[in-house]
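Novice: Just need the structure, nothing else, for what follows:
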Amino acid sequence: MSDSKYSPSDLTLFMHSPFASWMKRFSLEFPDKAPEKDPDDALMGVLQNKGFQHEKAQEELFKSQGLSVQKIEAEIIEQKKQAFKNFIEWIYARWHSDSAMYIYHYANYEIAACRKLMGRYGICEHELG
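Specialist: Numbers count the residues shown, from 1 in each chain. Just a heads-up that it's a prediction; the model follows:
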């Protein structure tokens, strides 16, 4: 029997990437043997900014088309938890009133992010199940 303890975030990371989960654990158990983190990459910063610009343009397009847009913005952990809970409850209620609704998202990012937050905060398991 192992003395290891795993958080919901650890399990969510494992479901997303068993290798990333293993590397995180390895880095905690053997910090002197773990590989160094990659240095910051200027190109990644440019790509990130392009992504933010695209996301803002997409949001403005949706609003101009009269579509409903829900943003989650918070700084303090309790605010983030409450914002996430409000967001999921908002989506869930809308889905119950119109099961044919569509949620625009990029690939698997938003789904994985919602599952990660669900695991981190231990809330909304039923709605995201």
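
Novice: and the closest residue to A20 other than its chain neighbours, helix, strand or coil?
Specialist: In space, and not counting its chain neighbours, A20 is closest to L13: 5.8 Å by C-beta to C-beta, 6 or more residues apart in numbering. Every C-beta, even on glycine, is put in place using the N, C-alpha and C of the backbone. Secondary structure state of L13, per DSSP: H, G, I helix; E, B strand; the rest coil, is helix.

Novice: how deep is L13 tucked in, by neighbour count?
Specialist: Residues near L13, counting by other C-beta atoms under 10 Å, number 21.

Novice: wait, what's in contact with E125?
Specialist: M118 (C-beta atoms under 8 Å, 6 or more residues apart in numbering).

Novice: what's the distance between it and A34?
Specialist: 32 Å (C-beta to C-beta, to the nearest Å).

Novice: repeat for I88
Specialist: 35 Å.

Novice: per-residue pLDDT, the one residue sitting closest to the centre of the chain?
Specialist: Nearest to the mean C-alpha position of the chain, by C-alpha atoms, centre = their mean, lies A113 at 1.7 Å. Looking at A113, its pLDDT is 83.

Novice: Which helix or which strand is home to it?
Specialist: Per DSSP states H and E, A113 falls inside helix 109-121.

Novice: what's the helix or strand in which M44 is found in contact with?
Specialist: M44 is part of helix 42-64 when elements are defined by DSSP H and E. With C-beta under 8 Å, 6+ apart as the test, helix 42-64 has contacts from 69, 71, 104.
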